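Visitor: the following block contains a protein sequence and its predicted model.
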Amino acid sequence: MSTPETSRFVRLRVELVLEVDDQNAVTKAALRRIADDTTMPADERTHAEAAVTEDTAEALAYLVDPFDLVSEVPGVELAQASWSSERIEYDPDSPEWDLDEDDVEEDFDGEEAERAG
């Protein structure tokens with residue numbers, strides 16, 4: 001099914017909203033992960049420890065690794081990843097958080113229209 005004009009690369013967009021019930025547990029887990037990373041230079045370790053101690057969102061960024069999400073998927077290799085975390089105001093009843101209104105779906109429809117036309 002693959003043709004020379006078809007790219008082998010796929011962008012997978014995932015958005016998660018996590019509710020943190022125990023900030024201390026998240027921070028401790030991030031500090032453990034940093035401590036276990038023997039390849040991290042000392043100055044980077046100091047910066048990372050300060051960041052995860054001050055901000056739970058930073059701690060989560062150290063704990064959630066995109067490679068872990070796809071490492072067991074057969075036939076794929078992670079080529080590039082970037083991710084960030086931030087504190088947000090969240091109201092699950094707000095239309096702003098309606099998962100049915102996905103920007104990717106709109107992009108896909110537009111691409112399909114271009115190919116058909």
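Guide: Happy to help now that I have it. Keep in mind that what you see is a predicted model, and the values were worked out from it rather than measured.
Visitor: which residues in this structure form helices?
Guide: Listed in chain order, the helices of the chain (DSSP state H) span 23-36, 42-54, 56-63, 66-70, 103-116.
Visitor: and the ones you listed: which comes nearest residue 11?
Guide: Distances from residue 11 to each of the helices of the chain were compared by Cβ to Cβ, and the smallest falls on helix 103-116, at 8.9 Å. Heads up, the C-betas are built off the backbone N, CA and C, glycines and all.
Visitor: now that closest one: mean pLDDT?
Guide: When pLDDT is averaged along helix 103-116, the result is 47.
Visitor: which residue packs closest to the residue nearest to the spatial centre of the chain, ignoring adjacent ones?
Guide: Among the residues of the chain, residue 83 comes closest to the average C-alpha position under Cα atoms, centre = their mean, at 4.4 Å. Closest residue to residue 83 in three dimensions, ignoring its sequence neighbours and counting by Cβ to Cβ, 6 or more residues apart in numbering: residue 66, at 5.9 Å.
Visitor: do the same with residue 49
Guide: Leaving aside its sequence neighbours, residue 49 is closest to residue 34 (5.9 Å, by Cβ to Cβ, 6+ apart).
Visitor: before we move on, back to that, of the helices of the chain, which is nearest residue 15?
Guide: Closest approach to residue 15 among the helices of the chain (Cβ to Cβ): helix 103-116, 10.0 Å.
Visitor: contacting residues for residue 56?
Guide: Residue 56 is in contact with 20, 23, 26-27, 87, counting by Cβ atoms under 8 Å, 6 or more residues apart in numbering.
Visitor: returning to that earlier point: tell me the most buried of the helices of the chain?
Guide: For the helices of the chain, the stretch with the most neighbours on average is helix 56-63, a mean of 20; neighbours defined as mean count of other Cβ atoms under 10 Å.
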